[in-house]
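Visitor: Prediction below, plus the sequence it came from.
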Amino acid sequence: LPAVVSIAASDVTSLRPPLPFYVMLPRLGYFPLVIPEVLRYFRTAAVDLGADQVWLDSRGKPIKWHLPIGVLYDLHRADHEGQLPWQLTVHFQHFPADLISRFADEGAMEKSVLHALKQAVYLQHESLQPLNQLPLDRKHAYWTAVKCGDGPTCDGVLRDLAARAGALKSVPVRLMRPNAGPVQRPIPPRDGSGREVTVGDALGVLAPWAAEGGGG
């Protein structure tokens, strides 16, 4: 995703505000992996209150760092109306602690991503054995691929997991909503009659109002 990051006017300490920072964001990636580059760019022009005070907004709405960048772009679509580059503002003070969590460092981000994978594997197979059997270098490859936005490598690791696990018992589905919390539930791949479950079927379970065309 092409994005342009500007510094909040109230945070500028230089005589002239710096030019915006242009960057290509991987939809599969996470903002804590991009923030160090943003900090380096603006470090001579901003208030230095520490990395834990840094936050981003999209048209005035704070960004939640723990979700993938592509998901966040889609959640904020009503704000930016799909326009590119995505216009973001970086702040170095006045952190909105009541609305978002503070940015994690890379180590915490890795733990968060692998924990999500662990949850997904358990919901899919009712066991962590496939993940426990996965070689350490493949787990590391998954995290490296997430950092680099390397979708094919991520898919390859997930195929390795599927090959070790056998039959799929459920598909973990999380429905993200712009102005409400997520709805999540494991969805069986087939219904009681053996018919394959569709995305529409899953929406009927997770968000019946959307499946019926009622919005929400």
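Guide: That came through fine.
Visitor: I'd guess Ala141 is in a helix, am I close?
Guide: Yes - membership of Ala141 in a helix is supported by DSSP: H, G, I helix; E, B strand; the rest coil.
Visitor: my read: it touches Cys148, true?
Guide: No - taking Cβ atoms under 8 Å as the definition, Ala141 is not a contact partner of Cys148, at 10.5 Å. Bear in mind the C-beta positions are built from the backbone N, C-alpha and C, glycine included.
Visitor: Give me the more crowded residue out of these two.
Guide: Using other Cβ atoms under 10 Å, the more surrounded residue of Ala141 and Cys148 is Ala141, with 18 against 14.
Visitor: Now do the spatially most central residue of the chain against Gln53, distance only.
Guide: For the chain, the residue sitting closest to the mean C-alpha position, by Cα atoms, centre = their mean, is Pro68 at 1.4 Å. According to Cβ to Cβ, to the nearest Å, Pro68 and Gln53 sit 23 Å apart.
Visitor: again with Leu28
Guide: 27 Å.
Visitor: where do the strands sit along the chain?
Guide: Applying DSSP state E to the chain gives strands spanning 2-7, 21-24, 55-58, 61-62, 86-91, 171-177, 180-187.
Visitor: got a list of contacts for the longest one?
Guide: Residues from elsewhere that reach strand 180-187, judged by Cβ atoms under 8 Å, 6 or more residues apart in numbering: 123-124, 169-177, 197, 201-202, 205-207.
Visitor: mean confidence for it?
Guide: Average pLDDT, strand 180-187: 84.
Visitor: Next: the fifth one.
Guide: Across strand 86-91, the average pLDDT comes to 94.
Visitor: Direction included, what does that strand pair against?
Guide: Take DSSP bridges as the rule and strand 86-91 pairs in its sheet with strand 2-7 (parallel), strand 55-58 (antiparallel).
Visitor: repeat for the last one
Guide: Listed by DSSP bridges, the sheet partners of strand 180-187 and their directions read strand 171-177 (antiparallel).
Visitor: what does the second one give?
Guide: Under the criterion DSSP bridges, strand 21-24 sits next to strand 2-7 (antiparallel) in its sheet.
Visitor: Just the buried residues of stretch 74-89, please?
Guide: Within stretch 74-89, the residues that count as buried by 16 or more other Cβ atoms under 10 Å are 75-76, 85-89.
Visitor: May I see those residues arranged in TSV, with distance to Val5 as well?
Guide: Below are the buried residues of stretch 74-89 laid out as TSV (distance: Cβ to Cβ, whole Å):
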residue	distance to Val5
Leu75	18
His76	14
Pro85	9
Trp86	9
Gln87	8
Leu88	5
Thr89	7
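Visitor: Please enumerate the helices of the chain.
Guide: Assigned helices in the chain, in chain order: 35-42, 69-75, 77-80, 106-125, 129-133, 136-148, 151-165, 199-206, 208-211 (criterion: DSSP state H).
Visitor: got these as JSON lines, with mean pLDDT and distance to Ala8 columns?
Guide: As requested, the helices of the chain are arranged in JSON lines below (pLDDT from 0 to 100; distance: least, Cβ to Cβ, whole Å):
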{"stretch": "helix 35-42", "mean pLDDT": "90", "distance to Ala8": "10"}
{"stretch": "helix 69-75", "mean pLDDT": "92", "distance to Ala8": "19"}
{"stretch": "helix 77-80", "mean pLDDT": "80", "distance to Ala8": "16"}
{"stretch": "helix 106-125", "mean pLDDT": "86", "distance to Ala8": "24"}
{"stretch": "helix 129-133", "mean pLDDT": "88", "distance to Ala8": "41"}
{"stretch": "helix 136-148", "mean pLDDT": "87", "distance to Ala8": "27"}
{"stretch": "helix 151-165", "mean pLDDT": "85", "distance to Ala8": "33"}
{"stretch": "helix 199-206", "mean pLDDT": "86", "distance to Ala8": "37"}
{"stretch": "helix 208-211", "mean pLDDT": "66", "distance to Ala8": "35"}
